[in-house]
Structure formats: C-alpha cells, structure tokens
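A.B. asks: sequence first, then the predicted structure, then my questions.
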Amino acid sequence: MNRYNAKTTEAKWQKIWQDKNTFVADDHADGEKYYILSMFPYPSGRLHMGHVRNYTLSDVIARYKRACGFNVLHPMGWDAFGLPAENAAMEKGVHPGCWTRDNIPAMRDQFKALGLAADWSREFATCDPDYYQHEQALFLSFFENGLVERRQSSVNWDPVDHTVLANEQVIDGKGWRSGAPVERRTLNQWFLKITDFADELLAELDHLDRWPEKVRVMQQNWIGRSEGARVFFNIVDNDRVSAERIEVYTTRPDTLFGASFCALAIDHPIAKEIAAQDNAAATFIEECQQLGTSEEAIETAEKRGFDTGLEVKHPFIEGHTLKVYLANFVLMDYGTGAIFGCPAHDQRDLDFAHKYDLPVTAVVFPDNADENFTVGTKAYTGPGTLRNSDFLDGLSVIEGIRTAIDRLTELNAGERMINYRLRDWGISRQRYWGCPIPIIHCGDCGIVPVPAADLPVVLPEDVEFDTPGNPLERHATWKHVDCPSCGKAAIRETDTFDTFVDSSWYAIRYTAPNADVPIDREAASRWMPADQYIGGVEHAVLHLLYARFFTHALHKCGYVDFKEPFKGLFTQGMVCHETYQDADGKWLSPEELIRDGDAITDRAGRPVKIGRSEKMSKSKKNTVDPASIIDTFGADTARWYMMSDSPPDRDLEWSEDGIEGAWRHTQRIWRITTERLDTLPAVHAAAPDNFGEAALELRRTVHKAIEGVTAGIEAIRFNTAVAQMYELTNALASFKGMEPDDVWAVREGLEVLAQLTGPMMPHVAEELWETLGHITPLSETSWPVADRSLTVEDTVTMAVQINGKVRTTITMPLDASKEDTEATAFADAKIRAAVHGKDIRKVIVVPNRIVNIVV
RNA sequence: GCCCCUGUGGCGGAACUGGUAGACGCGCAGGAUUCAAAAUCCUGUUCCCUUUUGGGAGUGGGAGUUCGAUUCUCCCCGGGGGCACCA
C-alpha cells in the first residue's frame, strides 16, 4: 500500500515555500492587512511542546487568513536577553552571549521543521545592538518627555551572592543558590511612569473587546483604582519625630469613629526616625525585613506590630487619641504607607487588635442587626447603617464616605484621594545580560543621558562570572567614560533594562525591522495594531500591561498614531503530561518506564507511582521532546494532535495514544485520496447537471464541513474544526458510489478536505492537492466557500416532549407553522398513546426546535 | 489572606441566543481480513432494570426561576491559576 512519507514530503514543501518566499509579508501588497503574532520565544536552545502549540495556533490563523485573501504578517524573532543565559554562564562557564547566539540557530532549525508560514526575513534578536540601540533611543526620548524617574525602591537582596533576586529566586525566604536568608534592601533605581497612564490604561480595557475577560479583570485588579481619602492625624506632644502629623490613606473614611489605632509601614520615614532612637524598634524592623516582598507573603504572615509610644489625635473626636504602631502588614508602596485601623470592619485590623488588646467598636450595622450588634472574630465588611458615629449616624456606607470626606476637608484634616495599586515600573536590573541603560553619572553634572550620537551603548563581551555580583560593575574600562556635558571623568550606569522593556515594542519593530530609526511611522501605521496576539496566560498582566503602557508612551512622544498594540488577544493553555515517581519518590521520565499490559514498572522492575498530569517541566521529567515526535511522526501529525481534542485556551493533555491517533488520521486522508485517485474525473471537470441522492448527501456533508471548519477557525476553537474534518473524512471513506455524479462529488470532497486540512497540516495538504492534479500550490489557493443551498436543510427533526421528557421525534419541513407542527405531533402514535385519557394543560411549540406537551 | 477561572461517560471534549446531553477523537469489547502479526475494515460502547420491545436515572452537591436548565440565580464542595526582579 502507498504509505505517506512525512519526512520527505515535509522537507520538499518547506523548501518550496522558502524558495518562493511564499510567506514573506509584502509591505505594499493590496488586500486588507492581517497581523498575527505569537509571543516571541526565549532562545533556550530547545523547542518544547508549549512552543509547538503556540506557534501552530498562530500558524493556523496565518495560513487561513492568507487563504481568505488577507495580506498577512506573521513574523518571528527572539526575546534573547535574560536570566537563563547568566545562569548558564555560572553553571557551565559559557558566556551568556555565546550561549544565546548558539541557541538561536539551533532553535530556528527546530521551528523551521514545524513548517511555519512565518516571515523569517524580519527576524531579529533583542540582544542585537541593532535592536537595542533603538530601545536606548526610545528610553532617552521617554526621559526627555518626563516619563522616567530615578528613585529608591526595595529589592530582595542575597547577602552571599551580592545580587538582587527575583521573587521566584526566593524560596522560603532564602536565596535559591546561596541558601542565605534574603534581606530587603533599598536601591536607587530607574522607573518608567506607568502610573501617569493608570486611568487611560484602565479605561482602554473596556475597548479591548477581543481580549479574554479573565485578562482584562486581572489587569483591572492590577491597576487597582480605589477612591477614598487622605486623612491627617496630628501627633500629640511631638518632640520625637520631625513630622507634625501622620497621613493615612483609607477607602473607608466612614468608619473613622471605629478607629482604634494607627500603623506605619516599617520603611515609612517616621518609622526610620523612631528606629534611629529606639533599638527595640530597629530590631522589630529588621525582623520584618526577613519577610518576602510579595503581597501573598505579607497577607498570610502573622500580623505583628510594635508600639512606638507615639499618639495621634482623632480628627473628629475632641480629646481622643490613638496609639501608633509599626506593622508588618502595612505597605510603604501602597497609599501613603500608613493606615488607621478599624478592627470591626477590616479583618487584618481585627486580627491585629485582638493580638494587641485594642478596642473593637462596630460602627457599621448590617440592616438586619439589632442594637447589640458586635463583632467577634470576623470583621463585618458588608453594607449597612452607620452607628456610634456622631454626625454620620443613620447614614449608609456610601453616604457616610462622602459626608466624612466633606467634613475632613472642612476641618483641613484630610481630602478626597484616588489611589492606585499600580506602581511605577522599576526597570533597573543589576544584571549583565540585558540592554545597558544609556545614562552617565557625573560628579559635577549629576545624571547625564548618553547623547544620541553615542548610541548604542554596547554591552562589553569581555566579562567574567567567577565572582558574585554584576560583572559590569567590576569591568576594567567599560564603566569609565568622560562626561558628555563637562568632559570630566564619569561613570556609566551599570544596571541594565528589565527584559520586559525589550518585549514591550518588538511587535512594532517587526513592521520595519531594518529601519535606521526605532519606528518607521508609515510601516507601523500600516500593520499595527496587531490583529491577533497569541501567548501564554502567564503574561496576562506584566508583559501585556507593560507593552500597552509602552505603546501609550510612544504615542505621547509622537512615535506612533495608535495607543493600543494588540487588538485581539488569545491566551493558550499549557501542555501537560502524567508524572511518574519510583519507590523512592524520584521523578521518572516516560522513557524510563517498562509497560507490560496495565502494569508499569521502572527498569529495575519496581512499581511506579503514576501522578496526576502537570505542566511539562524538566524538574518533573514529564517532558516530551518535540524533535523526537517530529522525527517519528512528522510535523503535521504533531500539529494536528496539538489542535485536536482540547480547546486552545485550555490545558492540553499529552498522550501517546493521542499522537498515534493523529498519525492514523494523517495516513488515512492520504490513503482515501490515493485509493480513489484513478476513479476521479479530471481536475477542474465541469459539474454534472444533476446529482443522485447519495452524491447530494455527500456534497451536503462537504459543504457543512466548510462552514463548520471556517467557524471553528474564526472562533479559535480548532478542536471543533478538527471534529468536522473527522466527520468529512468518515463520510468520504465510506462513500462507495461510482457513477459520474458520485465521483465528481468525491473529487469535490477530497479537494475540500485537502483545503480545510491546509492550515493545520500544511505539508500533507499540499501533497494531496498536488496529487489531485493541481499545479498551483495550496498555499496560493483561496479558501473554499460553502454553497448555502447545500448547507440549509429543507426538513428538520424536532423532538416532541411530554412534561419536558422526550417521547419521540417528528420530521417537519423547515419553518413549518405552529399549527401544522402541533397537528403532526398529536398524529404520532406514541404521543397519542401517551396523552390518551390525560388532561392537556398546555402545548408549547417552538418552530424548528421543539414541541412540549404539558399534561 | 484577596481576586479570578473551572467541574459533562473509563479519558480528552461537543452542545448556536435556555429547546433531542454525550458530536468527534482516544480507550475498551466483539467480529472480518491474515499461516500469524502489524495495518485496515465492520459493529457496539453514559449508568441501572429488561430477552427484544421498553422503562428509569443522569452534566460536582443542594435549592430556585421556567412548559423545559450543562446553559440563568443563590448557597456549598472539589480542582487550577494570579498576587509586582522568571520569561
């Protein structure tokens, strides 16, 4: 039998596409543009299944849109700066640059083997000076426009490795490599003023209607706009600290009469003053600094406080004072770094009050509560009526908030304040493998931007990783430079950009990757915003919010005439696999197992524990290497499996049986085409005048498949498109007719099958198309259009229910009248028997859908 | 702790705006073909009772709205994700 050879066929078509530049985007072509983009990969050196899924998704859309006549841009490049390269440098002694630049061609080959309809002519890596020099220019432009600031911020500091740690490098409060307890340390860092755009970024979310709701909600929470008040508490008998008053931020000024203490963040300026005078306070602060910087760590840690001995005056109650604590759950970065505590109506405050024996006064009473309402161990945060609150008594929470703010304003004791959880974007990284920040520090002139003519500031290659810390700091010559302003000896900034800066504008750069300016305005307007962006949901907030901000900032600086970079967003699920552990709990890879029927053992014959399916990861050894899958089954089969079964936005379970099923399908469509080939009419043969019932039925299936697959691709529900193609394949495989009208319908069906298969399995589809006698490649052929007269049924099968239970079905002409439908239903023998002797209360007829008889 | 998502056969999943639950695939069972195997083809496959016919239950659990709920509302339970220097 004629078996399909994936290896030779895939190589053949990849060469043809490359030689013909089939997928090189034309900047000047006619036709509506369509910009489809997958999140560019980090060049780790090895393709993983997540990449296969991500790029197959965008490839299906790219090929489909192309067939539909769009002028498609589907570019490719590398997010090439970042931590893994430095880790490799330290672990293997390879230079990050060499490591990265070796990885890129290796990975490019693996991507090419997938048969992507990508425009490789626009490829770049963010570590190319050609790319990052423009990034430096954009930064300087932001600097001129007041979007850059330098200020202090706290970081996770590893005291042994002398390095800043990412949150993920902090495990149980210890550095992942050194194991030393992590400290919080304050450094001078560069910030981009994303908070200037907080309202705009929030408002624009409403217009991103082709983004997943989930991502919009996450971004909304991240921005975290809240309305409340700044309240001033004057310090009593103040001779210890320089401040006259403590400013707190609250969203609940209505609960001021329930206040029982004030608390400051441990890095609040007043806290620092106190620590300078009081050893116990200093010790307390030091202890709290052991705690991580994440919100989760702070929220779940035990609430702890330190009584400063300071007292403040209540703004509304004459003569009433509150104690001032330092507290570990107050964040300096949020609001004003100080709070007032109302234990009855905030759980954190309540836990704190119980611990330090502070009064708990309920001031908001739920609507159904009586006069004796008190708060026990659970704070009441719901709506209600204000009590025990002087001039606020009787008001609702919302009225209370407004009235309290008015009074605070009158008394000069506070004012309305809008607060954001969003903080400015700290872009300084104390690392080598990133884009140098183009700034010079001069003893006389202060901060001096590198003049545009001196760009790029190139990362030096001659660095050592044998000692801890940033190699740029101890480079012999690189950081020493003459001040561009006064000419005296000065020092370069040795921090590099957060790699999210690199990925904030790459989508725009693809539109003119060789321009000698950062952004070619005309090209950017032509292609941007990207019509569809695809990537992992793990980027829902940071990357996607930063890229949005960056684009808004570019707009403000006059670089582009749009504000939002991505019109449509799709977040794909992870690729998962079962996990295996041996008797000692050691993880085993699938290759290390021996299967004998249902029994699974390790190589020593010991039983293996099968764990639940988890995201493929090296640490759990549950990865499947795409290269070996492609080698065994071909890229088409791997792609098909990725697209079948699971909806693209959900996690996909990798299974051996599944990939074999996909392989069978690949062989099957090849077989049913080649077996039938001799019986088919010539290519482009005219349709017969009439079709018999069998041929007509086949044609209906074919045209319904066109509709179904098209809808599935449009909706990015490729699994439903796959199901439609299986049905079409089944219909073609079992069709036996040999009359002229039959074989014409078979040719039509096989051609449509090849066309519909094209986006998902492009190589076998091209081969089938060619085998069917076509000279023009499938990649140059337009998408099939369904014949409506074949997809609309003229009769419908309707269910007849009695009391909501289906008793039988009837066949009715399409759009039959209610009366006819009801009459037909009652004429049915089963229905007559079932309703016989019963009282018919009601008959519901929904045309073309259902009849329900209530007895 | 806070926020969000999710739950349908042995498994992955399908079901348009509330209208025949389980499409399609995997697996499994039986059969055909074969010296045998692989491959392929055919039949069956939600569960329970029943010989067929047929009947009953059923979309995590409980309530509600409705002629009718996988779909809408409320409560509960299970699973997953995010929470600011990984990309």
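C.D. replies: Structure's in. What do you need?

A.B. asks: quick one, phi psi at the residue in the stretch 301-450 of chain A that RNA strand B sits nearest to?
C.D. replies: At 3.5 Å from RNA strand B, residue A:423 is the closest residue in the stretch 301-450 of chain A, using CB to the nearest atom of the strand. From N, CA and C alone the C-beta is placed, and that goes for glycine too. Torsion angles at residue A:423 (phi, psi; degrees, to the nearest 10) stand at phi -120, psi 160.

A.B. asks: how about the helices in the stretch 401-550 of chain A?
C.D. replies: A:499-502, A:506-509, A:521-527, A:542-556 (DSSP state H, counting those that start in this stretch).

A.B. asks: of the ones you listed, flag the one that's most buried.
C.D. replies: helix A:506-509 (a mean of 24; mean count of other CB atoms under 10 Å).

A.B. asks: pretty sure residue A:403 contacts residue A:396?
C.D. replies: No. The pair residue A:403 / residue A:396 is not scored as a contact, 10.1 Å apart, by CB atoms under 8 Å.

A.B. asks: if we can go back for a sec, and the helices of the stretch 401-550 of chain A: which comes nearest RNA strand B?
C.D. replies: helix A:499-502 (3.9 Å).

A.B. asks: and for residue A:105, the neighbour number?
C.D. replies: Residue A:105 is flanked by 11 other residues according to other CB atoms under 10 Å.

A.B. asks: pretty sure it belongs to a helix, no?
C.D. replies: Yes. Judged by DSSP: H, G, I helix; E, B strand; the rest coil, residue A:105 forms part of a helix.

A.B. asks: need the per-residue pLDDT for it.
C.D. replies: On the pLDDT scale, residue A:105 is placed at 95.

A.B. asks: returning to that earlier point: the residue of the stretch 301-450 of chain A closest to RNA strand B: neighbour count?
C.D. replies: There are 16 residues near residue A:423, going by other CB under 10 Å.

A.B. asks: if we ignore the residues flanking it in sequence, what's nearest it?
C.D. replies: residue A:333 (5.4 Å; CB to CB, 6 or more residues apart in numbering).

A.B. asks: the one you found: what secondary structure?
C.D. replies: coil.

A.B. asks: hang on, it packs against residue A:424?
C.D. replies: No. Counting by CB under 8 Å, residue A:333 sits too far from residue A:424 to count as a contact (9.6 Å).

A.B. asks: which of these two has more neighbours?
C.D. replies: With neighbours defined as other CB under 10 Å, residue A:333 and residue A:424 compare such that residue A:424 has more, 20 against 13.

A.B. asks: give me the phi and psi for the more buried one.
C.D. replies: For residue A:424, the backbone dihedrals (degrees, to the nearest 10) come out as phi -60, psi 150.

A.B. asks: who are the neighbours in contact with the nearest residue to it once chain neighbours are set aside?
C.D. replies: Computed as CB to CB, 6+ apart, the closest residue to residue A:424 that is not its neighbour in sequence is residue A:191, at 4.1 Å. For residue A:191, the contact set (CB atoms under 8 Å, 6 or more residues apart in numbering) comprises A:148, A:149, A:150, A:151, A:153, A:424, A:425, A:426, A:427.

A.B. asks: tell me which element the closest residue to residue A:680 other than its chain neighbours falls in.
C.D. replies: Nearest-residue entry for residue A:680: residue A:747, 4.5 Å, with adjacent residues in sequence omitted and distances by CB to CB, 6+ apart. Residue A:747 belongs to helix A:740-757 when elements are defined using DSSP states H and E.

A.B. asks: same thing with residue A:219?
C.D. replies: helix A:213-223.

A.B. asks: in that helix, what's buried?
C.D. replies: If you call a residue buried by 16 or more other CB atoms under 10 Å, then helix A:213-223 has these buried ones: A:215, A:216, A:218, A:219, A:222, A:223.

A.B. asks: so is it next to RNA strand B?
C.D. replies: Yes. Contact of helix A:213-223 with RNA strand B (CB under 7 Å from any atom of the strand) involves A:213, A:214, A:217, A:218, A:221, A:222.
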